Structure formats: structure tokens, C-alpha cells
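Chemist: can't give you the sequence, but here's the structure:
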Ligand code: ADP
Ligand code: MG
């Protein structure tokens, strides 16, 4: 299967080949023809599977055939949960539209509204937006919805988690009834299905089960450690194992700041990225990390969601997430596109419940390694795998990870050494 056989026209194919993509990803292979046909779609695929191009390419193709956009109007609306994601999707749209006369704009909160209002005077064929700012602009008449032909909800599950449901429903009520709806999500949870009921019409359902490539190529293990030793342990691991570029997750914004400061104090370049940081600071931190100038990016789940940071060798869970699905999202940041990644969790005794929930969801007991000098005083409980099915809530994750090799590994060699040996110092 090639991009040229999907029904996309030359200007788009040219932009795609500029990106160096050789063939469509599974989600793209299924979504692109359906969207070109004008169907509504509901697609579930994990992070890093190429969803952005999956909806952007056919959307541009369809828009390129219609009438030019009117002042303050929008023809395709893409809603995303976070500012970073909006910016990233906006960049992708601009790249793929390079050889078309299609205009695009990005609007999100946390920055001045007036330049966005000014920009919208020209109208935008594609508007990428976070829900709150979009509502603001609409209420000030800077954005008009009468000409919306296509609606995309990207990372819909995260939008629900972040409490955007009321904004989304308000926006839906304002859009023309006759339109194409594209809903993308990491999973099809009950909440997503409920949202979909009032949104998509007779959708093509796409559920790519990549037989989890991520799970297969991510070496996951945990370090039992006392809470107050975690920062020192991370510093030790960074040095001892010579990690070059690490994404570290913390539960709280405060924790992210504190850890970044701790690392900086030990001569390790670090930056924190979370909802309390100004937009400029977040963009800068991300750019510096991507450029390799910052070695450790400390992020909260919400800030990190959907960030396209390619080929990260290491992801560290400084805290375990309370929501086990977030663990799966977090480790999706590493081992992308066949590259081997490593996901390490620093786990203290108080987090045993969170650990059990993760092990139950992913159906594997994570390998443990205690690092010399960091043997915890408060012992972490012993994991036992609970195989009773979880109430059919997020069956997709379960199924995918069950088919991953890590499960078999644990079953066969319960006390095996971690697969990545320690680097000699
Ligand atoms: P998702 O939204 O599913 O998390 P993205 O759309 O952000 O995934 O894509 C993840 C990465 O994969 C990006 O760096 C993107 O450029 C790359 N990518 C997308 N489609 C392809 C493809 N067909 N071939 C190779 N790389 C691709
Ligand atoms: Mg995405």
C-alpha cells in the first residue's frame, strides 16, 4: 500500500513525500479513504500511530475542492485538548497544505487574544483550536461556524478527562447540522461511546490493533525506592547509565518544578512543562528539549499528552499515575516506530496500589531492580497478577498488551534480569 493509491492528489502527495513517509500507517490506510468518501469516522489508536496525517491529509483533499473561505469563517475545525497539541497539529496542517491554497490558523488560550482575532478576519480553511479559546473567539464574533464542513476531535478521550465535555457540547450545538465528523481517541471508553452517540452518524469504526508494537519494543521495569530518595536515585541513574534525553513524568506541577530545580542544582539541564507555565515557557522548554539542549524534560500527564517527541530512548515515571491508563500513554512516548525504548518507574511503598492497578491493566508483573544504595526502608509490597477481567471498561488496551511479548517474558522467567544490562561505570 502506498500513499498514491489512497486517492490523494499530487500537491498532498508531494508534501507527504517531503516528510519522508514511505507508506501509510495502519490507521492512515483505513482512515484516509473513508474520510475522502465523506464518511464520519470513529478511530481508536495509540499515541504515535500517525493519527494527525490520518485526518489532515484527506481533510485537506476535501477542502481543496470547495469554495474559498469567507472572512471570520472556518471550513474545518480541529479541536485538541492542549495548547501544545494544537500548536503541533497546526504545524502539521501547514506542512501538508504547503502546495495547496488552503489557509490554516491555530488558536489557544494563555496568549493574547487580539492577534488571533486579527488573524481570523481573513478566515481560515482549517482552524485548530482548544475548546476554551474557541468559545471566547466565537462569543466575540471573531470566529463564525456557519460554514463548518468538517469537525475533528483529536485526543477526544483526553478532552473528556480534562473536563471539556461541556465546552464540546456547546460547540457542537453551534455547528451546522450537515457536516462530517471525525473522532480520534486512544481508546473507545464508555465515555467516548456516549459522546460519539450525539456526534457521529453511521460512522466507520476503525480500531487499529497494532499488536502493540510499543509494548513489544519497550523494556519496562521498576525501581523500588523510598519517596524521599527518588530525586537522588534519578540523578544517579542519569549519570550511571549515561542517559542522554529523558522524559520524566511527575504527578503534580509542583513536583515537576521541584524535580527540575533539583536536577539543575546537580548540573543536569532540566526543564518543567505543565499547565501553570506560560505558553512561551512551555514552547521554549519543548523546543530546547527537542534540540537536545535540555537533557531532562519533566512533565505532568496533561502537558505531555500527545506531544510528538520522536524516538525517546528513556521515559521515567518519577511518580506512578493514579489512572493506570496514563501509564500506557506515558510509555507510548518511547519505543516508537520500532525503536527500542526503556520505561523505568521509581516506585515507593505508598504507590503499591497504583502499581497493582497498572500491572492488572497491562496484565504483566513488572520486573524489579533495586539499585545499590537506594534499598528502600519502606518495603514495596509483592505483586501478584490479578487476572480477573476488568469490567470491560477499556478492553482494547488490555487486549493489545496481553498480546505483547512482555507478558510471556514475565510468565516464563519471573525472576529474570532486566533486559538492559547495567552499563559498567
Ligand atoms: P498520533 O497522533 O497518533 O500520536 P502523530 O500523528 O503525532 O501520531 O505521528 C507520530 C509521528 O509519526 C510523527 O512524527 C509523524 O511525523 C510520524 N508519521 C506519521 N505518519 C507516518 C508515516 N506514514 N510514516 C512514517 N512516519 C509517520
Ligand atoms: Mg495525535
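Modeler: In hand now; what should we look at? Given the structure is predicted, the values throughout are model-derived calculations rather than measurements. Numbers count the residues shown, from 1 in each chain. Ligands and ions are numbered 1, 2, ... in the order given.

Chemist: for the helix or strand encompassing residue 172, name the packing helices and strands.
Modeler: In the assignment (DSSP states H and E), residue 172 maps to helix 165-174. Applying 3 or more Cβ pairs under 8 Å, 6 or more residues apart in numbering; DSSP states H and E, one finds that helix 165-174 contacts strand 74-79, helix 131-139. Quick note: C-beta positions are derived from backbone N, CA and C, even for glycine.

Chemist: for residue 331, grab the count of nearby residues.
Modeler: 25 (other Cβ atoms under 10 Å).

Chemist: kindly report the same for residue 249.
Modeler: Neighbours of residue 249 (other Cβ under 10 Å): 28.

Chemist: what sits against it?
Modeler: Residues in contact with residue 249 (Cβ atoms under 8 Å, 6 or more residues apart in numbering) are 298-301, 304, 315-319, 321, 330.

Chemist: ok, 10 Å please
Modeler: 255-256, 297-301, 303-304, 315-321, 326-327, 329-331, 333, 343, 345 (Cβ atoms under 10 Å, 6 or more residues apart in numbering).

Chemist: how near is it to ligand 2?
Modeler: 18 Å (Cβ to the ion, to the nearest Å).

Chemist: so what pairs up with that residue in the strands?
Modeler: residue 299, residue 317 (DSSP bridges).

Chemist: find the nearest non-adjacent residue to the residue lying farthest from the centre of the chain, please.
Modeler: Most distant residue from the mean C-alpha position of the chain: residue 377, 35.6 Å away (Cα atoms, centre = their mean). Spatial nearest neighbour of residue 377, excluding adjacent residues (Cβ to Cβ, 6 or more residues apart in numbering): residue 226 at 5.7 Å.

Chemist: surely that neighbour and residue 348 touch.
Modeler: Yes - with contacts counted by Cβ atoms under 10 Å, residue 226 reaches residue 348, the gap being 5.8 Å.

Chemist: and for these two, which residues touch both?
Modeler: With Cβ under 10 Å, 6+ apart as the test, residue 226 and residue 348 both reach 376, 378, 380.

Chemist: most neighbours out of these, which is it?
Modeler: Busiest of these [other Cβ under 10 Å] is residue 380, holding 20 neighbours.

Chemist: on that earlier part again, of all the shared contacts of residue 226 and residue 348, which comes closest to ligand 1?
Modeler: Nearest to ligand 1 out of the shared contacts of residue 226 and residue 348 is residue 380 (Cβ to the nearest ligand atom; 32.0 Å).

Chemist: if we can go back for a sec, Serialize the shared contacts of residue 226 and residue 348 to JSON lines and add fields for secondary structure.
Modeler: JSON lines is the format used below for the shared contacts of residue 226 and residue 348 (DSSP: H, G, I helix; E, B strand; the rest coil):
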{"residue": "376", "secondary structure": "coil"}
{"residue": "378", "secondary structure": "coil"}
{"residue": "380", "secondary structure": "coil"}
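
Chemist: can you list the residues you listed in a markdown table and add pLDDT and distance to ligand 1?
Modeler: A markdown table is the format used below for these (pLDDT from 0 to 100; distance: Cβ to the nearest ligand atom, whole Å):
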| residue | pLDDT | distance to ligand 1 |
| --- | --- | --- |
| 376 | 96 | 35 |
| 378 | 94 | 37 |
| 380 | 94 | 32 |
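
Chemist: nearest to ligand 2 among these?
Modeler: residue 380 (34.1 Å; Cβ to the ion).

Chemist: OK, contacts around that closest one?
Modeler: 222-226, 347-352, 355, 368, 370.

Chemist: a markdown table for the residues you listed, including pLDDT and distance to ligand 1?
Modeler: As requested, the contacts of residue 380 are exported to a markdown table (pLDDT from 0 to 100; distance: Cβ to the nearest ligand atom, whole Å):
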| residue | pLDDT | distance to ligand 1 |
| --- | --- | --- |
| 222 | 95 | 25 |
| 223 | 97 | 28 |
| 224 | 97 | 31 |
| 225 | 97 | 31 |
| 226 | 97 | 35 |
| 347 | 98 | 27 |
| 348 | 97 | 30 |
| 349 | 97 | 34 |
| 350 | 97 | 32 |
| 351 | 97 | 27 |
| 352 | 97 | 31 |
| 355 | 96 | 26 |
| 368 | 92 | 30 |
| 370 | 94 | 34 |
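
Chemist: would you write a PyMOL line that selects the buried entries of the residues you listed?
Modeler: The buried subset of those, as determined by 16 or more other Cβ atoms under 10 Å, is captured in PyMOL by this line:
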select buried, resi 222+223+224+225+226+347+348+351+352+355+368
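
Chemist: would JSON lines of the contacts of residue 380 with secondary structure and distance to ligand 2 be doable?
Modeler: JSON lines is the format used below for those (DSSP: H, G, I helix; E, B strand; the rest coil; distance: Cβ to the ion, whole Å):
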{"residue": "222", "secondary structure": "strand", "distance to ligand 2": "28"}
{"residue": "223", "secondary structure": "strand", "distance to ligand 2": "30"}
{"residue": "224", "secondary structure": "strand", "distance to ligand 2": "34"}
{"residue": "225", "secondary structure": "coil", "distance to ligand 2": "33"}
{"residue": "226", "secondary structure": "coil", "distance to ligand 2": "37"}
{"residue": "347", "secondary structure": "strand", "distance to ligand 2": "29"}
{"residue": "348", "secondary structure": "coil", "distance to ligand 2": "32"}
{"residue": "349", "secondary structure": "helix", "distance to ligand 2": "36"}
{"residue": "350", "secondary structure": "helix", "distance to ligand 2": "33"}
{"residue": "351", "secondary structure": "helix", "distance to ligand 2": "28"}
{"residue": "352", "secondary structure": "helix", "distance to ligand 2": "32"}
{"residue": "355", "secondary structure": "helix", "distance to ligand 2": "28"}
{"residue": "368", "secondary structure": "strand", "distance to ligand 2": "32"}
{"residue": "370", "secondary structure": "coil", "distance to ligand 2": "37"}
